[in-house]
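K.L.:
Kindly return the folded structure for what I paste below:
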Amino acid sequence: MVDGSGNGYLKTVCDYVHLNPARAKLAGPEEPLRNYEWSSWPAYLVAPSQRPGWLHVGQLLGEYGIPKDSRSGRRELEQALEEHRRAEGVEGPC
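P.N.:
Predicted coordinates for the structure are as follows:
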């Protein structure tokens with residue numbers, strides 16, 4: 001039995017949650033998800049010193065194969081989620 005902390009489960013759940021603004025058509029098709037202010041997603045993309053103390057992103061970065069919480073690592077994380085959004089065909093309002 002898998003305890004939910006491995007095998008991509010965290011990535012799957014986080015992707016699902018962070019893509020919801022696009023699925024619900026609250027974020028336009030050309031609007032980056034980082035601009036949606038009612039999501040925790042923008043906090044994942046800033047330096048650790050600018051995040052709420054409760055938000056730890058290391059395990060999620062690891063599930064994406066990103067070894068370090070760095071500017072380039074966070075940029076890679078954002079690009080991966082936006083690519084997932086495009087691959088899923090999730091668009092905002094027309």
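
K.L.:
Only C-alpha atoms from now on, for both contacts and neighbour counts.
P.N.:
Noted.

K.L.:
which sections of the chain are below the confidence cut-off?
P.N.:
Along the chain, segments meeting pLDDT under 70 span 1-6, 91-94.

K.L.:
In it, mark out all the strands, start to finish.
P.N.:
In the chain, no segments count as strands under DSSP state E.

K.L.:
Just give me the neighbour total for L45.
P.N.:
21 (other Cα atoms under 10 Å).

K.L.:
Count residues in the vicinity of the spatially closest residue to it that is not a sequence neighbour, would you?
P.N.:
Nearest non-adjacent residue to L45, counting by Cα to Cα, 6 or more residues apart in numbering: R74, 5.4 Å away. If you count neighbours by other Cα under 10 Å, R74 ends up with 19.

K.L.:
R74 and P42 touch, don't they?
P.N.:
No - taking Cα atoms under 8 Å as the definition, R74 is not a contact partner of P42, at 10.5 Å.

K.L.:
quick one: S40 from L77, how far?
P.N.:
Remark: distance between S40 and L77 (Cα to Cα, to the nearest Å) = 14 Å.

K.L.:
Which one's more surrounded, the two?
P.N.:
Higher neighbour count among S40 and L77: L77, with 20 against 15, using other Cα under 10 Å.

K.L.:
Who are the contact partners of the more buried one?
P.N.:
The neighbourhood of L77, defined by Cα atoms under 8 Å, 6 or more residues apart in numbering, consists of 45, 61, 64, 66.

K.L.:
Next: E76.
P.N.:
I66.

K.L.:
Can you give me the neighbour number for A22?
P.N.:
21.

K.L.:
returning to that earlier point: distance of the residue nearest to L45 relative to G89?
P.N.:
For R74, the distance to G89 equals 23 Å [Cα to Cα].

K.L.:
what's the neighbour count on H18?
P.N.:
H18, neighbours per other Cα under 10 Å, totals 19.

K.L.:
Which of the contacts of L77 ranks first by neighbour count?
P.N.:
L45 leads the contacts of L77 on contacts (other Cα under 10 Å) with 21 neighbours.
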